[in-house]
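In: for reference, the sequence and a predicted model appear below.
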Amino acid sequence: MSLTNIFDIAGSGMAAQTVRLNTVSSNIANAESVSSSEGNTYRSRHPVFSVIKQQFEALGSSIQSDALSAGAGVQVDGIVESQAPLRKHYQPDHPMADDQGYLFYPNVNVVEEMADMISASRSFQTNVEMMNTAKQMMQRILTLGQ
């Protein structure tokens with residue numbers, strides 16, 4: 001793996017964390033939205049990530065060992081809705097209540113979403129630092145010949 005691959009790896013990590021931050025933002029924004037039916041209620045969403053594998057090329061031959069292969073980044077496979085139960089509250093005086101007086105609230109836990117937001121933000125920052133470190137290393141390589 002060359003030093004330039006670090007930019008691709010860190011870039012894919014930054015893109016993945018951006019998707020994660022967007023879903024957290026959507027979840028928090030809809031945390032207190034209400035609905036009169038379970039089918040129309042917002043459900044918490046979460047991205048699904050998977051690793052992109054890369055094989056090393058050594059002296060013209062491909063090394064297939066899992067011990068020597070490295071992840072070449074992350075990709076977003078999709079965004080899934082949580083299957084956790086919705087919150088159901090009895091509020092017959094609310095204009096959105098159903099025939100029995102119940103309101104349905106999303107299954108969003110704001111505390112968990114805030115923790116997920118902090119984690120995604122730190123991961124994004126770590127990938128930025130990886131890019132900066134790789135850039136500095138490449139600049140030092142260029143000054144070796146002087």
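Out: Sure thing, it's come through. Bear in mind that the values here come from a model prediction, so they are computed numbers and not experimental data. Residues are numbered from 1 along each chain as shown.

In: okay, CA-based contacts and neighbour counts for the rest of this
Out: Fine.

In: other SSEs contacting whichever helix in the chain runs longest?
Out: Of all the segments of type helix in the chain, defined by DSSP state H, the longest one is helix 110-143. Contact partners of helix 110-143 among helices and strands, from 3 or more C-alpha pairs under 8 Å, 6 or more residues apart in numbering; DSSP states H and E: helix 5-29.

In: packing partners for the helix it packs on?
Out: In terms of contacts (3+ C-alpha pairs under 8 Å, 6+ apart), helix 5-29 is packed against strand 45-54, strand 70-81, helix 110-143.

In: chain center to the last one: distance?
Out: Same thing as helix 110-143. Relative to its chain's centre, helix 110-143 lies at 14 Å (C-alpha atoms, centre = their mean, to the nearest Å).

In: re the thing from before, the longest helix of the chain vs helix 5-29, what angle?
Out: In terms of direction (axes from the mean of the first three to the mean of the last three C-alpha atoms, to 10 degrees), helix 110-143 departs from helix 5-29 by 160 degrees.

In: what comes up buried for helix 110-143?
Out: Taking 16 or more other C-alpha atoms under 10 Å as the basis for neighbour counts, the residues of helix 110-143 that come out buried are 113, 117, 120, 121, 123, 124, 127, 128, 130, 131, 134, 135.

In: then stretch 77-89?
Out: Using 16+ other C-alpha under 10 Å as the test for burial, stretch 77-89 gives 86, 88.
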